[in-house]
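1. build the 3D model from these lines:
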Amino acid sequence: MIEIEKIEDRRRLRLKLLQNLYALWFSTGPEALTGTKKELYPDHEHLKAYHYLIGKELIIISPSGERPEERLTILISAKGIDYVEERLLRKSEG
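-> So this is what the prediction gives:
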């Protein structure tokens, strides 16, 4: 049986990842998250969360560096920016 608490945890993780990417995009520093697969996917839940966000077209993941099979760059898409902003604006209104 699927636990409601697990569903809530997964939704929070996906939102946290997306909000972090949003903040990076509009920061004065790097606009994307870059790292090894091991760094970016510390556990199975992170891997699944990123795959979900790709499937929803909210983020873009591409290989980077000399060994593209090992290093990745993750950035928020225009659709992801719209999603975060709409969610935050709805929350502030209600």
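
2. can you confirm Thr34 is in a strand?
-> Yes - membership of Thr34 in a strand is supported by DSSP: H, G, I helix; E, B strand; the rest coil.

3. buried set for the longest helix anywhere in the chain?
-> Assignment by DSSP state H gives helix 4-25 as the longest helix of the chain. For helix 4-25, a neighbour-count test (16 or more other Cβ atoms under 10 Å) marks Leu13, Arg14, Leu17, Leu18, Leu21, Tyr22, Leu24, Trp25 as buried. All C-beta atoms are positioned from the backbone trio N, CA, C, and that covers glycine.

4. so how far is Val84 from the fourth one?
-> In other words, Leu18. The gap separating Leu18 from Val84 is 6 Å, by Cβ to Cβ, to the nearest Å.

5. could you do the fifth one as well?
-> In this structure, Leu21 lies at 8 Å from Val84, with Cβ to Cβ as the measure.

6. JSON lines for the buried residues of helix 4-25, including pLDDT and distance to Ser62?
-> Supplementary listing: those in JSON lines, determined by pLDDT from 0 to 100; distance: Cβ to Cβ, whole Å:
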{"residue": "Leu13", "pLDDT": "98", "distance to Ser62": "22"}
{"residue": "Arg14", "pLDDT": "98", "distance to Ser62": "20"}
{"residue": "Leu17", "pLDDT": "98", "distance to Ser62": "16"}
{"residue": "Leu18", "pLDDT": "98", "distance to Ser62": "17"}
{"residue": "Leu21", "pLDDT": "98", "distance to Ser62": "13"}
{"residue": "Tyr22", "pLDDT": "98", "distance to Ser62": "18"}
{"residue": "Leu24", "pLDDT": "97", "distance to Ser62": "15"}
{"residue": "Trp25", "pLDDT": "97", "distance to Ser62": "15"}
